[in-house]
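Visitor: Turn this into a structure:
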Amino acid sequence: MSNNQEQFKYSTSVIVYPLIFVLSIWMVFWMQVRFFPSIKRLGVYPQELRGLLGVFTSPFIHADIEHLYHNSIPLFILSVALFYFYRKISWKVLFFGILLSGLFTWVIGRPANHIGASGLVYVLVSFIFFKGIFAKHYRLVALSLIVIFLYGSMIWYAFPIKEGMSWEGHLGGLLSGLLFAVIFRKAIAKPERYVWQHPDYNEEDDPFLKHFDENGNFIELKEPEIEEEPISEENNPHYNYTFKENKDD
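Guide: Next up is the predicted model:
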């Protein structure tokens, strides 16, 4: 089995891991509403030491059910695509995506409490899009086009066009995804190569091209004749058989 076939092979982890990840965010939100409303303050506070904790906690905290719902669907879909097409580096992209996009927000953000998983969603959109373009593999390029078709309009929210939205987190996610696509550019599926595309390919050894001459005319190859050995007493012995008509003979 080729590396591409192994990489694009489905397994239950492709669905299970993203599902567990999204459910954990819903579980935190349920605990926030039910028991610990104060954890809503554990977001990213730019240029403040206390805000560094939010780099890790902010993706799991949301303002309300609508905020959580709008982040959950794209997060699940993009995570499934990540685990299916980039299984070997999927956890690295998720972990460092949370870390780097949070640090971007901490550095460039306005003085506010930045919460929500939208920064990670932007990491995945950016990473999957640019990774497919860099790979030049038809499946990954198709995935990039699908992602940009579904979520291309999100690019506008990486700019300060809507009040109360953390555009800094979105911009940090986009830049982080692009950076990961460059860093992990070698961990990509290579396009399938035919035998004749290899540098050490020799036309004279090709069993198919042997049927054609230099002008492209078909040549009917004759099977080699097998010499038959002359029949002799040694290689064609005679056998004599006797039989009895009844047991008394």
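
Visitor: Grab the most central residue of the chain for me.
Guide: Residue closest to the mean C-alpha point of the chain, counted by CA atoms, centre = their mean, is Phe85 at 1.6 Å.

Visitor: in the chain, which spans are helices?
Guide: Per DSSP state H, the chain carries helices over the ranges 3-7, 13-34, 54-57, 65-85, 90-108, 118-135, 138-151, 167-183.

Visitor: in the third one, what counts as buried?
Guide: By 16 or more other CB atoms under 10 Å, the buried positions in helix 54-57 come out as Gly54, Val55, Thr57. Bear in mind the C-beta positions are built from the backbone N, C-alpha and C, glycine included.

Visitor: Setting aside sequence neighbours, what's the nearest residue to the last one?
Guide: So the one you mean is Thr57. Leu42 (4.4 Å; CB to CB, 6 or more residues apart in numbering).

Visitor: The one you found: neighbour count?
Guide: For Leu42, the tally of surrounding residues (other CB atoms under 10 Å) stands at 21.

Visitor: That one: what's it in contact with?
Guide: Counting by CB atoms under 8 Å, 6 or more residues apart in numbering, Leu42 touches Leu53, Gly54, Thr57, Ser58, Ile61, Ile115.

Visitor: swap in Arg110?
Guide: Arg110 is in contact with Pro46, Glu168, counting by CB under 8 Å, 6+ apart.

Visitor: Compute the distance between it and Glu163, please.
Guide: To Glu163, Arg110 is 11 Å away according to CB to CB, to the nearest Å.

Visitor: quick revisit: and of the buried residues of helix 54-57, the nearest to Val93?
Guide: When those are compared for distance to Val93 (CB to CB), Val55 wins out at 16.2 Å.

Visitor: how close does Pro59 get to Ser90?
Guide: Pro59 is 16 Å from Ser90, by CB to CB.

Visitor: Tell me which of these two has more neighbours.
Guide: More crowded of Pro59 and Ser90, by other CB under 10 Å: Pro59, with 29 against 19.

Visitor: I'd guessed the more buried one sits against Val123; true?
Guide: No. Using CB atoms under 8 Å, Pro59 is not in contact with Val123; the gap is 9.9 Å.

Visitor: Spit out the residues that contact the two alike.
Guide: With CB under 8 Å, 6+ apart, Pro59 and Val123 have common neighbours Ile98.

Visitor: C-alpha coordinates for stretch 105-123, PDB please?
Guide: C-alpha atoms of stretch 105-123 as PDB (Å, rounded to 0.1, in the frame of the first residue of the first chain):
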ATOM      1  CA  THR A 105      -4.100  37.600  20.500                       C
ATOM      2  CA  TRP A 106      -2.200  38.300  23.700                       C
ATOM      3  CA  VAL A 107       0.300  40.400  21.800                       C
ATOM      4  CA  ILE A 108      -1.900  42.400  19.400                       C
ATOM      5  CA  GLY A 109      -5.300  42.300  21.100                       C
ATOM      6  CA  ARG A 110      -7.300  45.200  22.600                       C
ATOM      7  CA  PRO A 111      -7.700  45.400  26.400                       C
ATOM      8  CA  ALA A 112     -10.600  42.900  26.800                       C
ATOM      9  CA  ASN A 113     -11.500  39.400  27.700                       C
ATOM     10  CA  HIS A 114     -11.000  37.300  24.500                       C
ATOM     11  CA  ILE A 115     -12.800  34.000  24.600                       C
ATOM     12  CA  GLY A 116     -14.100  31.300  22.200                       C
ATOM     13  CA  ALA A 117     -12.800  28.700  19.800                       C
ATOM     14  CA  SER A 118     -13.100  30.900  16.800                       C
ATOM     15  CA  GLY A 119      -9.300  31.500  16.800                       C
ATOM     16  CA  LEU A 120      -8.800  27.700  16.400                       C
ATOM     17  CA  VAL A 121     -11.400  27.600  13.700                       C
ATOM     18  CA  TYR A 122      -9.400  30.200  11.800                       C
ATOM     19  CA  VAL A 123      -6.200  28.200  12.300                       C
END
